[in-house]
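Visitor: What follows is a protein structure lacking sequence information:
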């Protein structure tokens, strides 16, 4: 069995990500630790969760970065280059795999070229897009050349959806329903949907509807096994359990009232919930697939 975390973030505080951004993004959750995160820090997180490998992403939010309290120093500050992500993966071969991060509307003609470079030259395994942070509708037909390039390269496109505390983000573009048009126009494109509040049921319906869609479950890394059991049961009822991906969003432990430690323990705890409720348990094969087997096939990780 292999275990794979599909959702991990790189970033050096101040040089790549300003402190005010970290405060705005994580302050709501009571987080006050703004340590930088390089490849070694991610490997330490993987080890803490007893996870074999992880997909790591940087980011380019320069076009829409702004804070009114810091007008001169805030604009265009958030940039973790793909080449730096590649360097971190090279330092930790076999543990870290790169995710191409692109602001497509910064350079529409250049976006497919950058994706191809990252996949063919740097060995990246997927692409991450941030519609709400970057103020675009993911169903915009202008993005079709980029989606066609992802299909040609056979790499999944991972979308951020749902709520973020970042005030400059546009919540309307975090609605997962916007991805329905992507699925309808590109029936074979592999899409990963971040299952996130407040549209969790919409995400489930979207993944269930489109056989080429997968679900990133990192939102639930901070919850408990009871919440996770309910969501996994819904996916199973719609025949979409085989398209679930384990992720942590850099969490090394579940903040559960029961004191559960490693994030994967949340998944092993769902059968205790099933027993307590008289529900249907999940087989070991199903849990193994969620924790890494499905991701290994999707990302082509041996």
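Guide: Perfect, thanks for sending it. Source: prediction; values computed, not measured.
Visitor: Do a quick rundown of the helices in the stretch 1-150 of the chain.
Guide: With helices called from DSSP state H, counting those that start in this stretch, the stretch 1-150 of the chain shows them at 19-26, 39-48, 71-74, 82-91, 110-120, 131-134, 144-153.
Visitor: Mind giving me the packing neighbours of the second one?
Guide: Spelled out, it's helix 39-48. Counting contacts by 3 or more Cβ pairs under 8 Å, 6 or more residues apart in numbering; DSSP states H and E, helix 39-48 packs against strand 4-9, strand 53-57, helix 82-91, strand 96-101. For glycine as for every other residue, the C-beta is placed from the backbone atoms N, C-alpha and C.
Visitor: Would you mind saying which of the ones you listed lies nearest residue 212?
Guide: Evaluated over the helices and strands packed on helix 39-48, closeness to residue 212 peaks at strand 4-9, with 16.1 Å, by Cβ to Cβ.
Visitor: Looking at that closest one now, give me its mean pLDDT.
Guide: If you average the pLDDT over strand 4-9, you get 98.
Visitor: What of stretch 137-154?
Guide: 98.
Visitor: so which strand or helix has the nearest residue to residue 241 once chain neighbours are set aside?
Guide: Closest residue in space to residue 241, ignoring its immediate chain neighbours: residue 235 at 5.0 Å, by Cβ to Cβ, 6 or more residues apart in numbering. Taking DSSP states H and E as the definition, one finds residue 235 inside helix 225-237.
Visitor: buried sites along that helix?
Guide: For helix 225-237, a neighbour-count test (16 or more other Cβ atoms under 10 Å) marks 225-229, 231-235 as buried.
Visitor: ok so, going back, can you lay out the helices of the stretch 1-150 of the chain as a markdown table showing mean neighbour count and distance to residue 298?
Guide: As requested, the helices of the stretch 1-150 of the chain are exported to a markdown table (neighbours: other Cβ atoms under 10 Å; distance: least, Cβ to Cβ, whole Å):
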| stretch | mean neighbour count | distance to residue 298 |
| --- | --- | --- |
| helix 19-26 | 16 | 27 |
| helix 39-48 | 17 | 18 |
| helix 71-74 | 10 | 36 |
| helix 82-91 | 18 | 17 |
| helix 110-120 | 18 | 14 |
| helix 131-134 | 24 | 21 |
| helix 144-153 | 17 | 13 |
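Visitor: Ok, which of these comes nearest residue 102?
Guide: Smallest distance to residue 102 across those (Cβ to Cβ): 5.2 Å, for helix 110-120.
Visitor: Run through the helices of the stretch 201-302 of the chain in chain order.
Guide: Going by DSSP H, counting those that start in this stretch, the stretch 201-302 of the chain shows helices at 225-237, 264-268, 270-277, 284-288, 294-299.
Visitor: okay, now residue 201: neighbour count?
Guide: By the criterion of other Cβ atoms under 10 Å, residue 201 has 12 neighbours.
Visitor: residues in contact with it?
Guide: Residue 201 makes contact with residue 234, according to Cβ atoms under 8 Å, 6 or more residues apart in numbering.
Visitor: Residue 114 too?
Guide: 82, 100, 102, 107.
Visitor: The third one reaches residue 60, doesn't it?
Guide: Just to be clear, that refers to residue 102. Yes: contact criterion Cβ atoms under 8 Å: residue 102 and residue 60 qualify, at 6.6 Å.
Visitor: so where's the chain shaky on pLDDT?
Guide: 72-74, 252-261 (pLDDT under 70).
Visitor: that older thread, ok, the residue nearest to residue 241 touching residue 205?
Guide: No: using Cβ under 8 Å, residue 235 is not in contact with residue 205; the gap is 10.4 Å.
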